Every structure is written in C-alpha cells, then in structure tokens.
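In: sequence isn't available, so here's the structure alone:
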C-alpha cells in the first residue's frame, strides 16, 4: 500500500461545492431516464411525504465521478464506483464533496468520497481508478 508516483495514501482532494438546483435534479433524472415523479414533480413528491423533489442516485454517481476526474485528470479511468445515499439533496442546498486516498498501489488508486449537504451526509463511498502512465502524471487544476 505504498505511494503511486505523487499520489500517496492519506492525500486529501480539495473540496468541490455543487449548488443543488431544481434544474440539476430534473436534468439529471431525465438524462439517466429516471422518470420517477419524486425527481421532477414537487407536488407529487410532497404527496409521497417528501418536502420537495430530490436528486436521484445516478446523478449523484455522475457527480462523484466528475469530482474524481476533475482532480486526477482526463486520463483517469474509473474502474469501480461504490456509493451509498443518505440525506437527500433538495433544491436550494449545496453539496460539498471531499475525498481521501485510501490506497495507492501500482497505477491503481482508491479514494474515499463523502458528500455532505445542509441535512447531513448525502453520499459516502469509494472510487477505484487507474492512472495510465502512473500517478506521477496527475494533472491537478
């Protein structure tokens, strides 16, 4: 469990703030072909006990992937994204993604990701990625 180039176990990624807008929630649901009313119809979401529409897991999954590739660069290849949802992402909130390198060996890196919002932890999980050419070629913004 040694270092991979310049990526080391324990490294932290800079946080990424994502404004949770109604448009982001609806667009993410449509893009992932998730037509459940709780992701686009506030009135029906309230009838089902939710205070408003909320983000679906596929949108969250995409945002987690974006967070990782924004940090490690366009050559990073996501091999496994394993996430679990907690507190819903409602419109008007902000989700802050943070990450910590759990393991860096060979050209493979595993990052623990947490996304929090005003209610609590929205998403927790790990992302395993491969850095072709080694982690010393990481492009950081």
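Out: Received the coordinates, thanks. Remember, it's a predicted structure, so these values are computed and weren't measured experimentally. Numbers count the residues shown, from 1 in each chain.

In: rest of the way, CA atoms for contacts and neighbours
Out: Noted.

In: in terms of pLDDT, where does the closest residue to residue 39 other than its chain neighbours sit?
Out: Once flanking residues are discounted, residue 39 sits nearest to residue 53: 5.0 Å by Cα to Cα, 6 or more residues apart in numbering. Confidence at residue 53, expressed as pLDDT, is 98.

In: thought residue 53 was touching residue 90?
Out: Yes: between residue 53 and residue 90 there is a contact at 6.4 Å, judged by Cα atoms under 8 Å.

In: list residues touching both of those two?
Out: residue 22 (Cα atoms under 8 Å, 6 or more residues apart in numbering).

In: tell me the SS of residue 35?
Out: Classification of residue 35 by DSSP: H, G, I helix; E, B strand; the rest coil places it in coil.

In: let me fix that, I meant to ask about residue 129.
Out: Using three-state DSSP, the structure places residue 129 in strand.

In: contacting residues for it?
Out: Taking Cα under 8 Å, 6+ apart, we find residue 129 in contact with 76-80, 108-110.

In: show me what it is bridged to.
Out: Beta-bridge partners for residue 129, by DSSP bridges, are residue 78, residue 109.

In: have a look at this protein and report its longest strand.
Out: Longest strand in the chain, counting residues (DSSP state E): strand 93-105.

In: surely residue 16 touches residue 97?
Out: Yes: using Cα under 8 Å, residue 16 is in contact with residue 97, at 5.1 Å.

In: of the contacts of residue 129, grab the buried ones for PyMOL.
Out: Isolation of the buried members of the contacts of residue 129 (16 or more other Cα atoms under 10 Å) is achieved in PyMOL through the command below:
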select buried, resi 76+77+78+108+109+110
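
In: for residue 47, state which of the contacts of residue 129 is nearest.
Out: Nearest to residue 47 among the contacts of residue 129, counting by Cα to Cα, is residue 80 at 35.9 Å.
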